[in-house]
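>>> Got a sequence here, can you build the structure:
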Amino acid sequence: MNNESKGMCGLIVKEVVMRTFIYHFLRIVGLLFLILNILNCSASDEIRVDNSGATSEGVNAVVNANNQFAFDLYSRFKGESKAQNIFFSPYSIMVALTMTYEGAREKTAEEMQSVLHIPDDANVRRPNFAKIINEMNKKDKKYKLSTANALWPQKDYKFLEEYTNTIERYYGGKVTNLDFIGESEKSRKTINTWIEDHTNNKIKDLIPQGALNACTELVLTNAIYFKGTWVKQFDKKETQDEDFRTSSGQTVKVPMMRSTGDDAKFNYAETDKIQILEMDYEGEDLSMLILLPKGDKLGDLEETITPEKLSGWRKMLNEQRVDIYIPQFKFETKYFMVETLTEMGMPTAFNSGANFSGMDGTTSLFIQNVIHQAFVEVNEEGTEAAAATAVIVGIESVQIIPVFRADHPFIFTIQQKDTGNLLFLGRVSEPGK
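Numbering: from 1, shown residues only. I've put the predicted structure just below:
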């Protein structure tokens, strides 16, 4: 082969190699774009729910219901112990119970609606809850805020498609079948892992051992997570231990954050009985509002606070220079809410007289438990908070009379009953011999 021929072969080989490289490169790039599109679509599908028909008036109706429920619930929690911290997400509890309410009928539905204050018109309730969910899960925020819902039905229990479709369409409640009969502990861990994943691992073991059993047919869950930084962060060097007077009358040392410079301008207002301070988070969509009674009479404030008063105090706020001293705090809370919700006015949902026929077409179901857990940490940088709620729905346990038919080989003992001391031990393989 002459040099010219060798040169031609070399060019051909190089061209083939280059074309092969380009072909595979483009395939890889195309595959990556496909994967990214799938992931983006999946993320979008997870958080987008149908808010068509939502209105500003409808959103306000849901918000007002949530706020009223929040103070109703607070008034119950505060009575349990004056020395205990209180922290919960009324939104999380409200959404979990509203998803349950979607399957309630007759007296059960009437009582739940009265306690939750939610619109009884589905055309108002559903799209406006969806609007709020979409707003919370919107992208490109300067803070982290997300919420998620899920349905966990017993795998062989027949729930109405109309019900599950409603929950998925308006609340984003994806259905995952579990086996509470054969694998109740595994099911519990599956749900708790989902909760952890959707609360940045802040809410662990929401559902305790033994809470799920063979009579459980459905668990409804909500998770909410928030992390935001202050628009005006505190200087860590300024934080120092100072006295804090507790509700029990004791004085303890706590790390007290302070902001006292010329830049310490906040939305502030006061009355003859309280001081109101608002601190914005980055993005300025969310803020913390602190209501501080003058003197130590928190009980007086607790007895008189209402959503209407809170709204009035918010309107009084004006930006001004104010020296602020706020303690760091971090704690968790957990509430088992059957008794609380019963006392608030929805007892029927928790007994055999419940009617959740909108879920399965029968009146066999009732709420076995409502569990809520929350976490909060406030420091110089900002706030991290998370909460989750589980509504456990099931049927009454049915007494099954066992049949003991010793028609095959068995082992037997003769024992002392008080100690279990075995006096005799045997096996019957063939009774006739």
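>>> What helix or strand is E384 located in?
Assigned by DSSP states H and E, E384 belongs to strand 382-394.
>>> tell me the mean pLDDT over that strand?
Over the span of strand 382-394, the pLDDT mean works out to 95.
>>> and that strand, which strands flank it?
Using DSSP bridges, strand 382-394 pairs in its sheet with strand 216-229 (antiparallel), strand 366-378 (antiparallel).
>>> buried set for stretch 323-335?
Within stretch 323-335, the residues that count as buried by 16 or more other CB atoms under 10 Å are I324, I326, E332, T333, Y335. The way it works is simple: take the backbone N, C-alpha and C, and place the C-beta from them, glycine included.
>>> looking at the strands paired with strand 382-394, which is buried most?
strand 216-229 (a mean of 24; mean count of other CB atoms under 10 Å).
>>> could you dump the strands paired with strand 382-394 to CSV with distance to E278 and mean pLDDT?
Formatted as CSV, those follow (distance: least, CB to CB, whole Å; pLDDT from 0 to 100):
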stretch, distance to E278, mean pLDDT
strand 216-229, 14, 95
strand 366-378, 14, 94
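>>> a markdown table for these, including distance to E384?
What follows is these, written out as a markdown table (distance: least, CB to CB, whole Å):
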| stretch | distance to E384 |
| --- | --- |
| strand 216-229 | 5 |
| strand 366-378 | 5 |
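>>> So which of the ones you listed is nearest E238?
With CB to CB, the closest approach to E238 among those belongs to strand 366-378: 15.4 Å.
>>> Could you pull out the helices in this protein for me?
Ranges of helices in the chain, per DSSP state H, are 3-47, 56-78, 90-101, 106-116, 122-136, 161-171, 184-197, 298-304, 307-316, 338-344, 357-360.
>>> among the ones you listed, where is the model least confident on average?
Ranked by mean pLDDT, the helices of the chain bottom out at helix 3-47, with a mean of 45.
>>> Do I have it right that I274 meets L291?
Yes - at 5.7 Å, I274 and L291 qualify as touching, with contact defined as CB atoms under 8 Å.
>>> Contact partners for I203?
By CB atoms under 8 Å, 6 or more residues apart in numbering, the residues touching I203 are I195, E196, A223, Q373, A374, F375, A386, A387, A388.
>>> Check those and tell me the two furthest apart.
Largest separation among these by CB to CB: E196 and A374, giving 14.0 Å.
>>> residues in contact with N379?
Residues in contact with N379 (CB under 8 Å, 6+ apart) are F234, M257, Q328, K330.
>>> Is the first one in contact with R258, as I believe?
By that I understand F234. Yes - with contact defined as CB under 8 Å, F234 reaches R258; the gap is 7.0 Å.
>>> Give me the more crowded residue out of these two.
Neighbour totals were compared for F234 and R258, and F234 leads with 21 against 17 (other CB atoms under 10 Å).
>>> any idea where the strands of the stretch 201-350 of the chain begin and end?
216-229, 240-245, 251-259, 265-270, 274-280, 287-293, 318-321, 324-327, 329-336 (DSSP state E, counting those that start in this stretch).
>>> got the CA positions of the longest one in PDB?
Taking C-alpha atoms only, strand 216-229 is exported to PDB below (Å, rounded to 0.1, in the frame of the first residue of the first chain):
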ATOM      1  CA  THR A 216     -56.400   0.000  60.500                       C
ATOM      2  CA  GLU A 217     -57.600   0.600  57.000                       C
ATOM      3  CA  LEU A 218     -56.300   4.000  56.100                       C
ATOM      4  CA  VAL A 219     -53.700   6.600  57.300                       C
ATOM      5  CA  LEU A 220     -53.800  10.200  56.000                       C
ATOM      6  CA  THR A 221     -50.700  12.200  56.500                       C
ATOM      7  CA  ASN A 222     -49.500  15.800  56.100                       C
ATOM      8  CA  ALA A 223     -46.000  17.200  56.400                       C
ATOM      9  CA  ILE A 224     -44.900  20.800  56.400                       C
ATOM     10  CA  TYR A 225     -41.300  22.200  56.500                       C
ATOM     11  CA  PHE A 226     -40.000  25.700  56.800                       C
ATOM     12  CA  LYS A 227     -36.500  27.200  57.000                       C
ATOM     13  CA  GLY A 228     -35.900  30.900  56.600                       C
ATOM     14  CA  THR A 229     -33.200  33.500  57.500                       C
END
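>>> returning to that earlier point: nearest to G361, out of the strands of the stretch 201-350 of the chain?
Closest of these to G361 is strand 216-229, at 12.9 Å (criterion: CB to CB).
>>> Would you mind getting the angle between the closest one and strand 274-280?
Using axes from the mean of the first three to the mean of the last three CA atoms, to 10 degrees, one finds that strand 216-229 and strand 274-280 are set 90 degrees apart in direction.
>>> what's K253 in contact with, if anything?
Counting by CB under 8 Å, 6+ apart, K253 makes contact with D241, E242, D243, F244.
>>> which among these gets closest to L218?
F244 (44.0 Å).
>>> Next, the buried residues of stretch 67-74.
Using 16+ other CB under 10 Å as the test for burial, stretch 67-74 gives N67, Q68, F69, A70, F71, D72, L73.
>>> I meant to write stretch 51-70 there.
Using 16+ other CB under 10 Å as the test for burial, stretch 51-70 gives 51, 54, 58-59, 61-62, 64-70.
>>> Let me have the buried residues of stretch 323-335 in a markdown table, extended by distance to L341 and pLDDT.
Shown next, in a markdown table, are the buried residues of stretch 323-335 (distance: CB to CB, whole Å; pLDDT from 0 to 100):
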| residue | distance to L341 | pLDDT |
| --- | --- | --- |
| I324 | 37 | 90 |
| I326 | 33 | 89 |
| E332 | 21 | 91 |
| T333 | 16 | 88 |
| Y335 | 10 | 94 |
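>>> farthest pair in those?
Farthest pair in the buried residues of stretch 323-335, by CB to CB: I324 and Y335, 30.4 Å.
>>> Quick one: residues contacting the nearest residue to V378 once chain neighbours are set aside.
Sequence neighbours aside, F329 is the residue nearest to V378 in space, at 5.4 Å (criterion: CB to CB, 6 or more residues apart in numbering). Residues near F329 by CB under 8 Å, 6+ apart: V254, V376, E377, V378.
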